[in-house]
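predicted model, plus sequence, below.
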Amino acid sequence: MKPRRVAVIGANGQVGTELCLFLKIMGKVEPIGIARSQVGTALLRRLGIDCREGDFSTAVQGRQLLEGCDAVVDLALPMGNSPVDTKRIISRHLRSIFDSLDDIKTFIYGSTMSVYRLDPTDPFYRWYGVTKRHGELEASRLGSQSGRKVYNLRLGQVHGEMQSCSMSILDQLYDGAVARVPDVASYTVFV
């Protein structure tokens, strides 16, 4: 039986790269790394992962990027100059992807636990969490309209071989610092 093919949009990011690598190693799902340029997918290509480059600016190009895929994981982080601009860009990005899905029925939106205020001392409004929550709502709305399954995957602190937070902790330990684990429910995930 042929493995299912999963498009990973934003495959050039920390989580996207590591996700593609793990999916390839596991062998049950064939990752298709998607990024805007060949430079972004160079490592993945070198490691034998099928990659495609481009954006979703037109439905034709979007369909080419997603051709033959069974599901889509969107880990891209479109950013604008302000939260309002970023929300507009995220909405356009998601609409373009949904216009390109054709027969693909499963869409996973990479979000964050930062949509919640995890620490009561944090400010109520945080740009990243607010814009990701907007993306969740937009993806859910588009999924309902098109009859597709949409999952909002809220990642916590992501650890792994290629994750900056893991590298930061290792750097601190090498410098002689003590690793402290906060006395809260864990929000740590591994790719």
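Arrived safely, thanks for sending. Worth saying up front: this structure is predicted, and the values here are computed from it rather than measured. Numbering: from 1, shown residues only.

show me what the longest helix anywhere in the chain is packed against.
The helix that spans the most residues within the chain, counting by DSSP state H, is helix 127-146. For helix 127-146, the packing partners by 3 or more C-beta pairs under 8 Å, 6 or more residues apart in numbering; DSSP states H and E come out as helix 83-100, strand 106-112, strand 149-155. Heads up, the C-betas are built off the backbone N, CA and C, glycines and all.

out of these, which one sits most buried?
Here the criterion is mean neighbour count by mean count of other C-beta atoms under 10 Å, and of the helices and strands packed on helix 127-146 the winner is strand 106-112, at a mean of 22.

could you give the angle of that one to strand 149-155?
Orientation note: strand 106-112 sits at an angle of 20 degrees relative to strand 149-155 (axes from the mean of the first three to the mean of the last three C-alpha atoms, to 10 degrees).

what lines up beside strand 106-112 in the sheet?
According to DSSP bridges, strand 106-112 forms sheet pairs with strand 71-74 (parallel), strand 149-155 (parallel).

now do the end-to-end distance for stretch 6-17.
Taking C-alpha to C-alpha, to the nearest Å, stretch 6-17 runs 13 Å from one end to the other.

check the offset of it from the chain's centre.
Distance, stretch centre to chain centre, for stretch 6-17: 6 Å (C-alpha atoms, centre = their mean, to the nearest Å).

phi, psi for the spatially most central residue of the chain please.
In the chain, the residue lying closest to the centroid (C-alpha atoms, centre = their mean) is Leu75, at 1.5 Å. Dihedral angles phi and psi of Leu75 (degrees, to the nearest 10) take the values phi -110, psi 10.

perfect, I'm done here.
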